[in-house]
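Q: give the three-dimensional model of this entry:
(chains A and B)
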2 protein chains.
Amino acid sequence: MPKNPRFWIISGALLVGGAFLYVQLHARKNGAAPGETTAQGSPKAPAAPGEHPEMREGRGLDSFVKPFIGTGGEGHTYPGATVPFGMVQLSPETDVRYFKESFRWAAGYRYSDKTILGFSHTHFSGTGHSDLGDVLLMPTVGPLQLEPGTPDDPDSGYRSRFSHEDESASPGYYAVLLKDPQVKVELTATNRVGMHRYTFPQSEQSHIVLDLVSSIYNYDGKVLLSQLRVESPTVVTGFRQTRGWAKNRGLYFAIEFSKPFKGYGIESGADEEYKGFGKSGKLLQNYPEASGKKLKAYFDFDTAAGETIQLKVAISSVGIDGALANLRAEIPDWNFDAVRRAARESWSRELAKVDVDGEEKKKNIFYTSLYHTMLAPVTYMDVDGRYRGLDQSIHKVDGFTNYHIFSLWDTFRALHPLFTILQPERDGDMIRSMLAHREQSVHHILPIWSFGSNETWCMIGYHAVPVIADAYLKGIRSFDPQAAFEAMKSSASYAAYGGLGDYMKYGYVPIDREKEGASKTLEYAYDDWTIAAMAKGLGRTEDGQEFGKRAAYFRHVFDTSTGFMRAKKSDGRFREPFDPVYAQYGSDYTEGNALQYSFFVPHDVQGLIELMGGRERFLERLDQLFTMKVSDEKFKQVEDISGLIGQYAHGNEPSQHIAYLYSYAGQPWRTQERIHQIMTTLFDDTPEGISGNEDCGQMSAWYIFSALGFYPVCPGTLEYVIGTPTFPRATLNLAGGKTFTVLADNVSDTNIYVQSVTLNDQKYDKSYLRHEDIMKGGTLHFVMGPHPNREWAIAPASAPYSMSR
Amino acid sequence: MPKNPRFWIISGALLVGGAFLYVQLHARKNGAAPGETTAQGSPKAPAAPGEHPEMREGRGLDSFVKPFIGTGGEGHTYPGATVPFGMVQLSPETDVRYFKESFRWAAGYRYSDKTILGFSHTHFSGTGHSDLGDVLLMPTVGPLQLEPGTPDDPDSGYRSRFSHEDESASPGYYAVLLKDPQVKVELTATNRVGMHRYTFPQSEQSHIVLDLVSSIYNYDGKVLLSQLRVESPTVVTGFRQTRGWAKNRGLYFAIEFSKPFKGYGIESGADEEYKGFGKSGKLLQNYPEASGKKLKAYFDFDTAAGETIQLKVAISSVGIDGALANLRAEIPDWNFDAVRRAARESWSRELAKVDVDGEEKKKNIFYTSLYHTMLAPVTYMDVDGRYRGLDQSIHKVDGFTNYHIFSLWDTFRALHPLFTILQPERDGDMIRSMLAHREQSVHHILPIWSFGSNETWCMIGYHAVPVIADAYLKGIRSFDPQAAFEAMKSSASYAAYGGLGDYMKYGYVPIDREKEGASKTLEYAYDDWTIAAMAKGLGRTEDGQEFGKRAAYFRHVFDTSTGFMRAKKSDGRFREPFDPVYAQYGSDYTEGNALQYSFFVPHDVQGLIELMGGRERFLERLDQLFTMKVSDEKFKQVEDISGLIGQYAHGNEPSQHIAYLYSYAGQPWRTQERIHQIMTTLFDDTPEGISGNEDCGQMSAWYIFSALGFYPVCPGTLEYVIGTPTFPRATLNLAGGKTFTVLADNVSDTNIYVQSVTLNDQKYDKSYLRHEDIMKGGTLHFVMGPHPNREWAIAPASAPYSMSR
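A: I've put the predicted structure just below:
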């Protein structure tokens, strides 16, 4: 519960009238707790009068966002400054290790590190693979150092010690004191521009270092070419072409300094010299351009004690002209505080779409999760609508926002379904972005795992398909459904991709011809079911029949002798030997094992229950998953399998729907127990508070849905399976001014069981909630208690769509 | 004299009415000799009826163009297909050696080579440095080979033996029989698209190899990244990013095949594997995309005996979309012969701007020279006007054609002055291109030696300045003169460039602070004089005084004790030791020595004569230059110094005006002698017919002017110094339908001396011709004889402008 209940009643009431109004009124009516928080997550004392006026606006929902959550362990989130769905993610790098270690530094920052390398402008949120980390800037004082130095001996380079005591982060803002140079760094951002404010000590040797070699996934050779131009004593432009996870990515940038530098230099790497007019060498001073594989530059200043130097850094996929235009359009002047305020307000507006009452810690987790759902996909176009397409040509959008960073194997599950409720317009634009990708694809298929004008082919499935089907069936119409359907069909019929030719021929992906054949068969079958579902919506009977048939292909890999989904060879026999716990990259299952993957039939759980021998046997199997103890040795090769409860691995996606399956077998109270267990043991408001890769919002979307009390087990249906609500009140502020409120009387960590439910004051005994009932507004009213109500929602007719067909 | 005099009288008369009309009428009235010629330069027999109908058009001026001239020795020309000022230069590569040898293969082709590697789409004409060689294609038959193999063992790779007997080239067309696969290759081009026609033998193993590793200046690592996409069985797109002479150049391409390939593959280099969906390896078959540093691809066909496969290959600096648009716009269908005919007609139109009577061999040299003057600068923009600027951003032209390949140290001398007569519109657009370059330059200066969105900083001086001044003073006004003048001033005042700061401070470039200080001082002083001349034209008195003062700085490096221009140190003393013959890259003189460079005061030859001790001493010094014998050892380090007559090195630019200086000292007959000597001993119509690097048209422009009988010793004056005409009649067909005819009665290799001259029937006894007298049309009528007329044009008032001021 909040410390000042009256505060929340006021804000809850105002929110009905619109999020933006809320922020504005709130700013006038409250002058209390600041939104800025320390790394430890507790609010700071109010700001001194006159300092950072936006701090006096009162405590907004953004104050519950703790960007450090997930920066420890394997959450792989970053703590830096960004705006919702913003193209720039300006965040500190604590290290960028060589390729084999890059998994752990995928976001550039690890909470346990003791030094900061600098601040770069692009970061993934929560991924298990790595790239980005573009345009690293670092203020230094004293003798110039252009090498980063080592974590063990930070004095050997430009990196600096720092302490979490001197560090803070809030939506759209990050600050840290760099101990070695005694420079305070503050970061904020607009959509396409990062803004830095450095407060220097007195020195005639103040520098700002620009390191174009530094890069996440920085095995030697990632940077193929960089260019730098010193356009004036305050403007520097450039680009770099990288070959990292994205094999062919160009990033252009423009930097503007608030103060002219007194001198500068550009250093090339050891492998080549510069040649200008009569000048050559590895370090050229005050020579305004260079290109090379290993460029670094420095800019020198005299600074008075406490003097601030600000930087604006714009990026573009299009060109330097695009970066300059972005810079000028988004931050025309030097008002850091105003930019920070605007960033914070944009977060407040988005966060206000869900307003909850509840314990501070749970609100911290909840709002940080909501924040994390808005860090991918992100904008990928310049202010003029141009962007570099998958075909490496420059395209201009036709009336939508182009997005990139599609981690679809993760996000089709809960993130995009969440968008259908909270971000329907953006979800439509993301689909338009994916359709544009397909237009630009030489394979003529939708994205698999794409970013930065590249397809990485990471993970399996064609999960753009369920994203589109789900959006279409839920009424999102900003894209052309017929063109989208053609794209879905072609993606599901491209024989060359991931054993699809064999899948269509054999009815499963034969493991002797394609690795991960078991999981591919299961995921393809689900994707196909969503095509069939959309075909029905479009009245395309023939397509519906074809893909409806394919939707049942999961049956071809079910082994009745063991009761598991098993990889099958092209001769029709199951692969031997079989170990249901065995997991290995490139094995029969994708980042998982037979125990976990055997539950992946979200579109026909009833069919799966029958295959497994009926409800009782199915429930035993669920219990087995959540209780089986296995040596960690079994998983040590697969970093992504984490967050374990028995063999249930909440840290990775193949498990994430499974706790909801108890409800399909008539025991919703078991779902309620497991969901509560997961939410309270595998989430925390600490840096280690995320039990596995956050995965571009998927993990957080799971939390948001689960905390609200329902979850989209099968996107493409219009139903959400009811779990157990976390907050006594949660209000969704929907498009068109509608609200949907979830009330949970008596809810607590003891009262986790649903006793009864009403929907708009009518008794509700279904185990699922329909999308339309959310979107038209209303109130879902739970009464909670400490013991299961074993009668509620157990009738077959109460179970979700896919079970009751 | 031509073999059929009537032919030439007809064509000469028709030319007056317009070049295009000429070609068309001619096609109807003549059915004689074909325009196609063999490598040896003699016309082939008429084509068989029905074969290549354009061959029956009769002998046009293009038939005198022998593209093999200059492909031997160190001419560095290429024999392939291109159109006038065309962006594509589609030509065979006989080798592409590693960096230290790339000088000799700067054009990709050497006449003495025995094998052909393939056919690539970009080539410099006549340069001494190398780059380009993009998108190499090669038809092969039999077992697939993706390595080029060696010249000594061509069977070890895809390269093929060939014979000059089976090779032919004419403007816009090149053909060769590849002996090993027995494939006939024919090439033609439009501005931005190369077209290939391959005639295959019967085979089920016919291939077309695409080698994106092959590159001129191809030291390992020039290609930073390539991309390939097989868009369909007939369309392939891609790009490559190179770091050669141009440090940062991107070239995009689109290839269309006339016949679908039955299969294909892409091979990566040894250093990396591909990863597609579940596929990996160094060679992926039928997988439609790849990127990497070392990409090669092959496309397989079944071919019947004599079956032709055609290819269209478009290039772009902008993007793949630009390349595709260029392809579709310029060659919409598959009519190779029509494209070839159009290319030939475009050459005929341009060549018809000068129509001469004379001996076949001299006409061969003359028209091949005229051809060579139209191979640089070339178009550098897409059909939609977009191009990649020096700032690496995409720009769109505003009503002009953007050009690149500015070899200005060479071409300011005679090529651009020739353009002021024959190509005034293009010259204006070239200046607009240079002004755009300056707008995009981080140095804010005009190009030095630029191409492909890069400044190479090659050679010395700021010779865009005389090009602009010359054009302005001659009345070309398509550019903004005030903006141009500002650009000239800023280029001449950029202290960081080439010792300019010291030059402005000391009045010369001190050799202890900047290499090549002697030649830099001389060339800067001349460039400054052209700024002063233009300032006068613009009425900018103050600028005129400033740069007029700087124009005299050549005096600061004249050493009265030796009579030579000498490098001086910052303490005011000349550098010791001094050897007037010594030449070395990076020494005191740029690709030259004191003997040669001491004559470089084109804007004040009279002042130079006085410095050297008067006319007699000056004449002795000229004779000394032309007669001094020096061991070749002296020059062996400087490849560019070639074409020697004594110490006069016609093969390199610093000498090229010197023979005209006799006229300034009252002995025009000595100029006549020397010019005739140079023209007859250092030019030939054989592959070795150019005595040094052709240098992007400069060497050829020298020949054109000298053959017409006058030469622009000092661009920026409005005068051409009269030499000795080569042809009995030469007619310039000028803009606006005007003609200027040079008649030379009795001219022959014996009658090389001017006896008398009339201009428009008025006695003419000046040793120079004014630009306006050419451009308004008229007749310059020489009477030639075997002995000097020592009275003609010897009065001081008869000498050129710069001498008579």
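Q: can you tell me the element the residue positioned nearest the centre of chain A falls in?
A: Central residue of chain A (Cα atoms, centre = their mean): A:Cys696, 1.8 Å from the mean position. Under the assignment given by DSSP states H and E, A:Cys696 is not contained in any helix or strand.
Q: for the stretch 101-250 of chain A, which spans come out with low pLDDT?
A: A:218-219 (pLDDT under 70).
Q: up against chain B, what does it have?
A: A:Leu224, A:Leu225, A:Gln227, A:Arg229, A:Val230, A:Glu231, A:Thr237, A:Phe239, A:Gln241, A:Arg243, A:Lys247, A:Asn248 (Cβ under 8 Å from any Cβ of the partner chain). Glycine gets a C-beta too; all of them are placed from N, C-alpha and C.
Q: out of those, who's the most crowded?
A: A:Phe239 (28 neighbours; other Cβ atoms under 10 Å in any protein chain shown).
Q: run me through the strand neighbours of the helix or strand harbouring that one, direction for each.
A: Assigned by DSSP H and E, A:Phe239 belongs to strand A:235-242. Strand pairing for strand A:235-242, determined by DSSP bridges: strand A:223-232 (antiparallel), strand A:249-257 (antiparallel).
Q: quick check: angle from the one helix or strand A:Val313 maps to to strand A:249-257?
A: Using DSSP H and E, A:Val313 maps to strand A:308-316. Angle, strand A:308-316 to strand A:249-257, by axes from the mean of the first three to the mean of the last three Cα atoms, to 10 degrees: 150 degrees.
Q: quick one: name whatever helix or strand follows strand A:308-316.
A: helix A:320-330.
Q: give me the packing partners of that next one, helices and strands only.
A: Helices and strands touching helix A:320-330, by 3 or more Cβ pairs under 8 Å, 6 or more residues apart in numbering or on different chains; DSSP states H and E, are strand A:193-199, strand A:235-242, strand A:249-257, strand A:308-316.
Q: so A:Lys294 touches A:Leu283, yeah?
A: No - look at A:Lys294 against A:Leu283 with Cβ atoms under 8 Å: they stay out of range, at 11.9 Å.
Q: who touches both of these two?
A: A:Ser268 (Cβ atoms under 8 Å, 6 or more residues apart in numbering or on different chains).
Q: before we move on, back to that, need the helices and strands packed on helix A:320-330 in TSV (columns: distance to A:Pro788).
A: Shown next, in TSV, are the helices and strands packed on helix A:320-330 (distance: least, Cβ to Cβ, whole Å):
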stretch	distance to A:Pro788
strand A:193-199	51
strand A:235-242	54
strand A:249-257	52
strand A:308-316	53
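Q: how close does the residue of the stretch 551-700 of chain A found nearest chain B sit to A:Phe618?
A: Going by Cβ to the nearest Cβ, chain B is nearest to A:Gly586 of the stretch 551-700 of chain A, at 9.7 Å. Shown here: A:Gly586 relative to A:Phe618, a distance of 30 Å by Cβ to Cβ, to the nearest Å.
Q: which one of the two is surrounded by more residues?
A: Using other Cβ under 10 Å, the more surrounded residue of A:Gly586 and A:Phe618 is A:Phe618, with 25 against 9.
Q: please save the CA atoms from the longest helix along chain A in CSV.
A: Ranked by number of residues, the top helix in chain A under DSSP state H is helix A:517-538. C-alpha atoms of helix A:517-538 as CSV (Å, rounded to 0.1, in the frame of the first residue of the first chain):
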residue,chain,number,x,y,z
GLY,A,517,13.3,-30.7,-35.1
ALA,A,518,11.0,-31.4,-32.1
SER,A,519,10.6,-27.8,-31.0
LYS,A,520,10.4,-26.5,-34.6
THR,A,521,7.5,-28.9,-35.3
LEU,A,522,5.6,-27.8,-32.2
GLU,A,523,6.1,-24.1,-32.8
TYR,A,524,5.3,-24.3,-36.5
ALA,A,525,2.1,-26.1,-35.7
TYR,A,526,1.0,-23.4,-33.4
ASP,A,527,1.9,-20.7,-35.9
ASP,A,528,-0.1,-22.5,-38.5
TRP,A,529,-3.1,-22.6,-36.2
THR,A,530,-3.0,-18.8,-36.0
ILE,A,531,-3.0,-18.7,-39.8
ALA,A,532,-6.0,-20.9,-39.8
ALA,A,533,-7.7,-18.7,-37.2
MET,A,534,-7.1,-15.6,-39.3
ALA,A,535,-8.2,-17.4,-42.4
LYS,A,536,-11.5,-18.0,-40.7
GLY,A,537,-11.7,-14.3,-39.9
LEU,A,538,-11.0,-13.4,-43.5
